[in-house]
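just a sequence and a predicted model for now, questions to come.
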Amino acid sequence: MDKIIKIFDTTLRDGEQAPGCSMNVNEKVEFALQLERLGVDVIEAGFAVSSPKDFESVSVVSEKIKTSVVSSLARAVKGDIDKAYEATKLAVHPRIHVFIATSDLHLKHKLNMTREQVIASIAQNVAYAKTLCDDIEFSAEDASRSDREFLSLAYNTAVNAGANVINIPDTVGYATPNEMFELVSYIKENLTTNNAVEISVHCHDDLGLGTACSLAALKAGATQVECTVNGIGERAGNASLEEIVMGIHTRYDYYKATTNINTKQLYRTSKLLSTITGITVAPNKAIVGANAFAHESGIHQHGVMQERTTYEVISPEDIGIPQNKMVLGKHSGKHAFKDRIVTLGYSLGDADLEKAFHEFKILADKKKNVTDNDIEALVSHNAVEHHKAYEYISFVINSGNTITSTANVKLCVEGQIIEKVATGDGPVDACFKAINKIVKLNVNLENYTIQSVTEGVDALGEVSVKISADKKFIMGRGLSTDIIEASIKAYLNAINKTVPVLLI
Ligand code: KIV
Ligand code: ZN
C-alpha cells in the first residue's frame with residue numbers, strides 16, 4: 001500500500017504572521033473551507049491565546065470544518081493550552097499543538113531556562129494537554145539548531161507524556177536537505193516508544209530550501225509535512241504547499257507516496273489566498289505562477305506542440321488552471337452558468353449562485369467574451385465580499401490633463417443615499433477623497449495596484465488597495481471592466497472591513 005503523507009496547512013497561523021497577510025475572521029473561515037475542499041489533513045487555524053481575534057477565528061473555523069483536523073498552537077504553558085482547548089473543543093477533530101524551543105541559543109536568550117527545566121515543562125504541559133484532547137502534537141522550536149541528544153530526549157519526553165505527533169521544525173530555514181534527512185532519521189531511530197508516532201516536519205524558506213528540506217525529510221520517513229499556500233509566512237515564508245504536493249505527486253516513482261490532496265483545487269486555493277491578502281505570487285513561482293506553464297523560446301514551443309512532456313513535467317489541468325476559452329455570453333442562462341461553475345469545481349449555495357449570476361449578467365453586457373478566468377475572478381471576489389456598511393451606487397468623473405480631476409460618488413449608508421463631490425490628483429484620488437467625505441474615517445491609502453484578469457480591451461481590471469486606519473493595515477479588492485469603478489470597489493471593500501460586524 002502507498003505511504004500517505006499528511007498535509008498540515010499552517011497558512012492561517014504561521015502564514016498569517018507574514019507582513020501584510022493578516023485576515024479577518026470571515027476571510028479565515030472562507031479560506032479554511034477551501035482548504036477542506038483541497039483535502040488538507042490538518043488546518044492550523046491560529047494561535048488561540050495570541051489575541052481575542054485569533055481565539056474567535058480558531059473557534060469559528062473549528063465549528064465550520066467537518067473533515068480536516070483543526071489545530072491551535074499553544075506554548076508549553078497552561079494558560080495557552082487552556083485557550084487552545086477552549087477554541088478547538090467544538091471541532092469534530094480537534095488538536096492541540098504544544099511547542100517550546102530546544103536550541104541552546106533560544107534557551108539562553110529567549111526562554112532563560114535550563115535544559116532540565118525545558119524537559120520538565122514538556123513533560124508537565126504535554127501531559128496536561130493530553131487530559132483535554134486526544135490528539136496532541138509537540139514541536140521543538142529551532143530543532144534543526146538543537147543538540148541532537150537533547151532534542152531526542154525532548155521528543156521522547158513528549159511522546160511519553162502523550163504526544164502522538166512530533167514535529168521537527170527548521171524554524172529559521174537554516175538546514176540543508178541532507179541535514180534534514182539525517183535529523184529525521186536520527187529522531188526516528190532514537191524514539192524509545194513502541195506506540196505509533198507521527199513524525200512531522202516544518203521548514204522555513206530563509207535560504208530558499210523549504211520545499212527541498214521538507215521533501216528530504218519525507219524521504220527519511222516523516223509522514224506529515226507542515227506548509228503554507230503560496231509559501232507565505234514569517235520572513236521568507238514557509239515551505240510551499242503546492243510545491244510539496246506536486247513534488248510528491250509528480251515524482252511518485254521516487255517518493256513512492258501520495259497525499260489526500262485534490263490537486264485540481266491547488267490553483268483556486270492559491271488565487272483565493274491572493275484575493276484575500278492582496279499578495280500575488282511572482283510570475284515565475286513554481287506551480288502557481290503566471291509563467292509556470294508559459295513557453296517563450298521557439299524550441300520549447302515546438303517541443304511542447306509535438307509532445308507536451310518534452311518541456312512540461314505537470315500539466316495546467318493537473319492543478320485546475322482554467323482553460324481560458326470563451327464559455328458563456330450575454331444570452332447564456334442560469335443553467336449554463338451553474339453548469340460552468342460546477343465544472344470549475346465550485347459548489348455555491350442558492351444565494352451565492354444568484355449573486356454570482358447577477359454579476360455575470362452585468363459583466364456579459366459589458367464584455368463580449370466571458371471566460372473561465374472571468375468567472376473564477378467573480379466567484380472568488382464574491383467569496384471574500386465583506387458585509388457592506390457602505391454600499392457603492394455610482395460615480396461620475398470629470399478629468400483630463402488640463403483640468404483638476406473632480407469626482408462625484410454616491411454610496412448607500414444604512415438605506416440612505418449619500419452623495420459627495422471632491423477634487424483630487426487624478427480621477428482615482430478624487431473618488432477616494434469623495435468617499436472619505438462620506439465615511440468620515442481617518443483613512444490613509446498605503447498601496448495601490450492594478451492588474452487585468454484577462455486579455456483584451458474589455459478585460460476585467462482587478463484593483464488591490466492597502467489602507468491604514470486606526471493603526472491597522474487593511475487590504476481591499478475590487479473587480480470591474482472599468483478601472484475607476486474597480487478602484488472604488490477596492491477602497492470600499494477595505495473600508496467596510498474596518499466596520500465591526502456580527503459574524504456570518
Ligand atoms: O517555525 C516554527 O518553529 C514554528 C513552530 C511553532 C512550529 O512555527
Ligand atoms: Zn514556523
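Received it, and whenever you're ready, just let me know what you need. Ligands and ions are numbered 1, 2, ... in the order given.

which residues of the chain lie near ligand 1?
Counting by C-beta under 6 Å from any ligand atom, the residues of the chain close to ligand 1 are 14, 99, 139, 141, 167, 169, 171, 202, 204. Heads up, the C-betas are built off the backbone N, CA and C, glycines and all.

change it to 8 Å
With C-beta under 8 Å from any ligand atom as the criterion, the chain comes near ligand 1 at residues 10, 13-14, 73, 97, 99, 139, 141-143, 167, 169-172, 202, 204, 226, 234, 238.

now, which of those residues lie within strands?
73, 97, 99, 139, 141, 167, 169-170, 202, 226 (DSSP state E).

contacts for the helix or strand where residue 80 lies, please.
Per DSSP states H and E: residue 80 is located in helix 78-88. Helix 78-88 is contacted by residues 45-46, 48-49, 55, 58-59, 62, 70-74, 94-98, 125, 128-129, 132-133 when judged by C-beta atoms under 8 Å, 6 or more residues apart in numbering.

ditto for stretch 304-316
Outside stretch 304-316, the residues within contact range by C-beta under 8 Å, 6+ apart are 246, 249-250, 267, 287, 293, 295, 300, 303, 323.

most neighbours of all those residues, which one?
For the contacts of stretch 304-316, the largest number of neighbours (other C-beta atoms under 10 Å) sits with residue 287, at 25 neighbours.

if we can go back for a sec, reformat the contacts of stretch 304-316 as JSON lines; add secondary structure and pLDDT.
JSON lines is the format used below for these (DSSP: H, G, I helix; E, B strand; the rest coil; pLDDT from 0 to 100):
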{"residue": "246", "secondary structure": "helix", "pLDDT": "98"}
{"residue": "249", "secondary structure": "helix", "pLDDT": "98"}
{"residue": "250", "secondary structure": "helix", "pLDDT": "97"}
{"residue": "267", "secondary structure": "helix", "pLDDT": "94"}
{"residue": "287", "secondary structure": "coil", "pLDDT": "96"}
{"residue": "293", "secondary structure": "coil", "pLDDT": "85"}
{"residue": "295", "secondary structure": "coil", "pLDDT": "71"}
{"residue": "300", "secondary structure": "helix", "pLDDT": "71"}
{"residue": "303", "secondary structure": "helix", "pLDDT": "76"}
{"residue": "323", "secondary structure": "coil", "pLDDT": "69"}
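
tell me which two in the residues you listed are the farthest apart.
Using C-beta to C-beta, the pair of the contacts of stretch 304-316 lying farthest apart is 267 and 303, separated by 23.7 Å.

distance check, the residue of the stretch 201-350 of the chain found nearest ligand 1 against residue 144.
Residue nearest to ligand 1 within the stretch 201-350 of the chain (C-beta to the nearest ligand atom): residue 202, separated by 5.0 Å. Look at residue 202 and residue 144: by C-beta to C-beta, to the nearest Å, they are 10 Å apart.

joint contacts of the two?
168-171.

and residue 348, what's its pLDDT?
If you check residue 348, the pLDDT there is 82.

what's the answer for residue 298, then?
72.

just residue 493 next, same as before
In this model, residue 493 is scored at 89, pLDDT.

that one: neighbouring residues, count only.
A count of neighbours around residue 493, defined by other C-beta under 10 Å, yields 26.

then the one 4 residues further on?
Residue crowding around residue 497 was assessed by other C-beta under 10 Å; the count is 23.

residue 476 is in contact with that one, correct?
Yes: between residue 497 and residue 476 there is a contact under C-beta atoms under 8 Å: 7.0 Å.

joint contacts of those two?
With C-beta under 8 Å, 6+ apart, residue 497 and residue 476 have no common neighbours.

could you dump the ones in strands among the residues of the chain next to ligand 1 into TSV with neighbour count added?
Formatted as TSV, those follow (neighbours: other C-beta atoms under 10 Å):
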residue	neighbour count
73	24
97	28
99	22
139	27
141	21
167	26
169	24
170	28
202	29
226	30
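
where does the stretch 301-450 of the chain have low pLDDT?
Along the stretch 301-450 of the chain, segments meeting pLDDT under 70 span 301, 323-327, 383-386.

and residue 485, which helix or strand is it part of?
Assigned by DSSP H and E, residue 485 falls in helix 483-498.

contacting residues around residue 107?
101, 113-115, 118.

try 7 Å this time
Shown in contact with residue 107 (C-beta atoms under 7 Å, 6 or more residues apart in numbering): 101, 113, 115, 118.

of all those, which comes closest to ligand 1?
residue 101 (8.0 Å).

let me know whether that closest one touches residue 141 as I believe.
Yes: counting by C-beta atoms under 7 Å, residue 141 is a contact partner of residue 101 at 4.0 Å.

list residues touching both of the two?
Here residue 101 and residue 141 have no joint contacts, going by C-beta under 7 Å, 6+ apart.

tell me which element residue 347 falls in.
Residue 347 belongs to no helix or strand, assigned by DSSP H and E.

could you report the neighbour count for it?
9.
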